[in-house]
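Student: Sequence and predicted structure below; questions after.
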Amino acid sequence: MNQSSPMLDLADNSGPGLPALHLYPELKEGFVGDLFAPIYAAIIRHGQHITTHTLIFAGCLALAVYSIVQFLRPFIALYFHIRSARAVGLPMKVIPFPPGLFSFFAFQILRRLNLLEPGTKLHKLLSMGRPDGYDLHREMGDVFVTVSPAGLTVIIADPKVASHVNSKRTEFSKPPNTGAIINIYGRNVINTDGDIWRFHRRVTGPVFSERINRAVWGESMKQASLMMQSWRSASGNEKDSDIVPINSIGADSLRLGLNVITGAAYGCPLGWEDSPPCAIATTLSYRESLEQLTAHLMPVFLTPHWVLRLARRDTEWGRAWEAFTAFGGYMRGMLDRERALVLAGEAVEENLLTVLNRAEDQEDEKEDRRMLSTEVLGNAFIFLFAGHETTANTLHYALVLLAQRPDIQQMLLAEIDSVYAQAAAEGRSELEYEIDFNRARWTFAIMSETLRIYTPTGMTNKWSTSDQPISFEGRTYVIPEGTRISVNGTGIHTSPKVWGDDATEWQPSRWIIEGGDGDAPLLTPASSRPPSPEHKSYFNAPPSPSTTLLSPMKMRQDSAFARPGLTHRSSSQAVNTGTTGAHGILKPPKGTWLPFSEGTRACSGKKFATVEFVAVLFTLLREHRLELGEGWDAARTAKVLAGRKAGALTLQPPESVPMQFIRR
């Protein structure tokens, strides 16, 4: 064929124009092929040759049709998704985008542009799992479905349905790409599923044992003492002052949490301002690198690493890359240090780093695989990241609330005095994990209530792997395959149907069970030494009707606290939904308390966090009481707490409320 001819041969590849259709099989497949293949077929059917102008016109026509269909595709998808949602039968709400990471971005953008009016349904929907978690359920019901062009999402604030979903790991698995934002170093036990998750869980799960809990107890007390010393140094009175002002409780709680998990679970004890060994040269400290990385997770997650590497250090992308490489260097440095100790034959107690190194070096017998180096780093990261932030934020909230509520603080101080007095009677000047941890009671109640109101992660997301039935209010609904399931933990925790009319109030007394049958005796200050005058009326005399403090000796009889299993009550009261846990503390019914999730994917660090919380509070308040800083009162503090920020992956206090420790 003459190459100067304006005619193109589509039957073979000899011409200078488009080649034969069979040489472009990708055009036969998918949506693009559906549009262009008929054009090719028509050309071939009506002749082997066609003018270039005709071909250009056909291409433009196909492109126009393609553009129109692409524009209409979301609306077409939404139409079919609405039909599917109506077939389910649950209350339905149509939204422009699905709840999740996309809605998080949309929420931030619309709020900054002042295009999202507070109080509207869209505002409530986008903020679910954050500050106003149950509000939309008041209008839509405890289980409802949202519909967007991306598909269906069932949002759950009913404990029974939540427990059913959490217990069915195969039927309701993790959605595709969920947790990708914490996958920046590699896959880990949080964002994997199926066989890979089982492998990661089998490697990391056994680390969180009673031996580690003993280490957590000692390390937490050590770090809490160092934190108090740092506050005294900052105030200029290391020993003599009876008042220790604190203006950095948020940052210091994070430092404490990071140091505790590094020392107890990673086998690398640190001083208050120390850093572990780092595999690379960096100007950032251990704490600074994680703090900066947490603040720049989005750029690290969304931006190609080659772009970050080229960015100037004084830009957001440059700082993101600096933090990413620095913290990765610290993790690699600790892993290398642990491996060197083992190879040198030194006696090393097994910790998370030893099991991760072993999983990389040795093949797993059951799975017939090793852990990739990126997976080792991914797991080292996720336990540090999630473990330190969640516990630190809970401690931060609890300290602020105790300063705001001196009545509850008095109960805690009485318990701390009692436990230390019992230890002294047994010939010990310091507390021991095996003996004294289970003597706590109000401490557990304070932690449980703080986690209920200020849930670390508001939503737990699942994915229906096939059509799945759920039972709700006496009816069965079939959830279609591929539906996103969001268990709204914040909604459940603040539901008046579950926790009573005071569900949004911080009331640790709801967890105290009078006459409970726990493993340890129920403690009052009078059981070990005479209480101070402020406490006598609460423990040694019947409360008057005007008493506002809810002590362990008082039974709340009003209807707001009469919900089975969820009120401060006597263990002799028969209930169908709640039971008495250890130490006379309420054990909530399944699905009603989800800060650590539940089921097979429940957080393996729950006991770790509890031990740390108890040890830190006992240390900080052994000789001190806590007050709000000068110029702050309960009302101002409550306003600040109500505006807590949801900008990170876990709910964080919105600012550091100034406080002061007063020697008692």
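Tutor: That came through, no problem.

Student: wait, residue 307 sits on residue 315?
Tutor: No: under the criterion of C-beta atoms under 8 Å, residue 307 is not in contact with residue 315, lying 10.9 Å apart. C-beta: built from backbone N, CA, C; applies to glycine.

Student: Tell me the secondary structure at the residue nearest the centre of the chain.
Tutor: Against the mean C-alpha coordinate of the chain, by C-alpha atoms, centre = their mean, the closest residue is residue 457 at 3.5 Å. Recorded secondary structure, residue 457: coil (DSSP: H, G, I helix; E, B strand; the rest coil).

Student: Give me the distance between it and residue 587.
Tutor: Using C-beta to C-beta, to the nearest Å, one gets 21 Å for the distance from residue 457 to residue 587.

Student: For the stretch 401-550 of the chain, which segments are assigned as helices?
Tutor: Secondary structure of the stretch 401-550 of the chain by DSSP state H, counting those that start in this stretch: the helices cover 406-425, 433-436, 442-453, 489-493, 496-499, 533-539.

Student: what's near enough to touch residue 369?
Tutor: Contacts of residue 369 were listed using C-beta atoms under 8 Å, 6 or more residues apart in numbering, and they are 199, 363.

Student: For it, what are phi and psi?
Tutor: In this entry, residue 369 is assigned phi and psi values of phi -160, psi 160 (degrees, to the nearest 10).

Student: Ok, residue 285 next?
Tutor: Comment: the main-chain dihedrals of residue 285 come out as phi -80, psi 170, following degrees, to the nearest 10.

Student: Just give the closest residue to it, not the sequence neighbours.
Tutor: Using C-beta to C-beta, 6 or more residues apart in numbering and skipping the chain neighbours, the partner closest in space to residue 285 is residue 275 (5.0 Å).

Student: Local confidence estimate at residue 496?
Tutor: In this model, residue 496 is scored at 92, pLDDT.

Student: Start the count at 546 instead of 1 going forward.
Tutor: Right, with 546 as the first residue, what we last looked at is residue 1041.

Student: buried ones in the helix or strand hosting residue 937?
Tutor: Residue 937 is located in helix 918-949, with elements delineated by DSSP states H and E. Neighbour-count burial for helix 918-949, with 16 or more other C-beta atoms under 10 Å as criterion, is recorded at 920-949.

Student: What of stretch 687-705?
Tutor: Within stretch 687-705, the residues that count as buried by 16+ other C-beta under 10 Å are 687-705.

Student: Among those, which lie within strands?
Tutor: Judged by DSSP state E, strands contain the following of the buried residues of stretch 687-705: 688, 689, 690, 691, 692, 693, 696, 697, 698, 699, 700, 701.

Student: Mind putting those into TSV with distance to residue 747?
Tutor: Putting those into TSV (distance: C-beta to C-beta, whole Å) gives the following:
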residue	distance to residue 747
688	34
689	37
690	36
691	36
692	39
693	37
696	33
697	34
698	31
699	31
700	32
701	29
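
Student: Can you report how many residues neighbour residue 950?
Tutor: Around residue 950 sit 19 other residues, with neighbours defined as other C-beta atoms under 10 Å.

Student: Who are the contact partners of it?
Tutor: Going by C-beta under 8 Å, 6+ apart, residue 950 touches 1051, 1179.

Student: ok, now how distant is it from residue 1183?
Tutor: 10 Å.

Student: Same question for residue 901.
Tutor: Counting by C-beta to C-beta, the separation of residue 901 from residue 1183 is 43 Å.

Student: before we move on, what about residue 708?
Tutor: With the distance defined as C-beta to C-beta, residue 708 ends up 32 Å from residue 1183.

Student: quick one, which of the two is more surrounded?
Tutor: Neighbours per residue (other C-beta under 10 Å) separate residue 708 from residue 1183, with residue 708 holding more: 19 against 14.

Student: got any ranges where the stretch 846-995 of the chain has weak pLDDT?
Tutor: In the prediction, the stretch 846-995 of the chain carries no residues with pLDDT under 70.

Student: one more time with 80, if that's ok
Tutor: 892, 909-913 (pLDDT under 80).

Student: quick one: low-confidence ranges for this protein?
Tutor: Applying pLDDT under 80 to the predicted model, the residue ranges of the chain that meet it are 546-600, 603, 641-678, 721-727, 780-786, 892, 909-913, 1002-1003, 1059-1129, 1187-1201.

Student: repeat that for 50
Tutor: For the chain, residues meeting the criterion pLDDT under 50 lie at 546-577, 674, 676, 1061-1122, 1125, 1190-1194.

Student: top helix in it by residue count?
Tutor: helix 597-633 (DSSP state H).

Student: Which is the succeeding secondary structure element to it?
Tutor: Going C-terminal from helix 597-633, and assigning secondary structure by DSSP H and E, you next hit strand 637-639.

Student: Which elements pack onto that next one?
Tutor: Contact analysis of strand 637-639 by 3 or more C-beta pairs under 8 Å, 6 or more residues apart in numbering; DSSP states H and E lists helix 597-633, strand 688-693 as its packing neighbours.

Student: Mind doing that once more with 10 Å?
Tutor: Applying 3 or more C-beta pairs under 10 Å, 6 or more residues apart in numbering; DSSP states H and E, one finds that strand 637-639 contacts helix 597-633, helix 666-671, helix 680-685, strand 688-693, strand 696-701.

Student: Please point out which parts of it sit buried.
Tutor: Residues of strand 637-639 classed as buried: residue 638 (neighbour count, 16+ other C-beta under 10 Å).

Student: strands paired with that strand, and their directions?
Tutor: The strands beside strand 637-639 in its sheet (DSSP bridges) come out as strand 688-693 (parallel).

Student: Off-centre distance for the partner strand?
Tutor: On the basis of C-alpha atoms, centre = their mean, to the nearest Å, the separation between the geometric centre of strand 688-693 and that of its chain is 23 Å.

Student: what inclination does it have with respect to strand 696-701?
Tutor: Relative orientation of strand 688-693 with respect to strand 696-701: 160 degrees, computed using axes from the mean of the first three to the mean of the last three C-alpha atoms, to 10 degrees.

Student: Strand 688-693 versus helix 597-633: what angle between them?
Tutor: Computed by the same axes, to 10 degrees, the angle between strand 688-693 and helix 597-633 is 170 degrees.

Student: do you know how far residue 610 is from residue 885?
Tutor: 64 Å.

Student: and if you look at residue 1160?
Tutor: In this structure, residue 1160 and residue 885 are 30 Å apart, going by C-beta to C-beta.

Student: what about the two, which has more around it?
Tutor: The residue with more neighbours, out of residue 1160 and residue 885 and counting by other C-beta under 10 Å, is residue 1160; that gives 26 against 11.

Student: Give me the secondary structure label for the more buried one.
Tutor: Three-state call for residue 1160 (three-state DSSP): helix.

Student: What of residue 1182?
Tutor: Three-state call for residue 1182 (three-state DSSP): helix.

Student: Counting neighbours, what do you get for it?
Tutor: 20.

Student: what does residue 609 give?
Tutor: Burial of residue 609, expressed as a neighbour count using other C-beta under 10 Å, amounts to 10.

Student: repeat for the one 10 residues further on
Tutor: Residue 619 is surrounded by 14 other residues when neighbours are defined as other C-beta under 10 Å.

Student: swap in the one 5 residues further on?
Tutor: Other residues near residue 624 number 12, with proximity taken as other C-beta under 10 Å.

Student: Who are the contact partners of it?
Tutor: The contact partners of residue 624, taken as C-beta atoms under 10 Å, 6 or more residues apart in numbering, are 617, 692, 694.

Student: Backbone torsions only: list them for the last one.
Tutor: Spelled out, that is residue 694. Geometry field for residue 694 lists phi and psi as phi -60, psi -20, criterion degrees, to the nearest 10.

Student: Check which residues of stretch 1152-1168 are buried.
Tutor: Neighbour counts using 16+ other C-beta under 10 Å place 1152-1167 of stretch 1152-1168 among the buried residues.

Student: In this structure residue 885 contacts residue 891, no?
Tutor: Yes: with contact taken as C-beta atoms under 10 Å, residue 885 and residue 891 are classed as touching, separated by 8.9 Å.

Student: quick one, what contacts the nearest residue to residue 709 once chain neighbours are set aside?
Tutor: In space, not counting the residues next to it along the chain, residue 709 is nearest to residue 1015; the distance is 6.2 Å by C-beta to C-beta, 6+ apart. Residues counted as contacts of residue 1015 (C-beta under 10 Å, 6+ apart) are 633, 635, 688, 699, 701, 703, 705-706, 709-710, 713, 717, 1009, 1021-1024, 1030.
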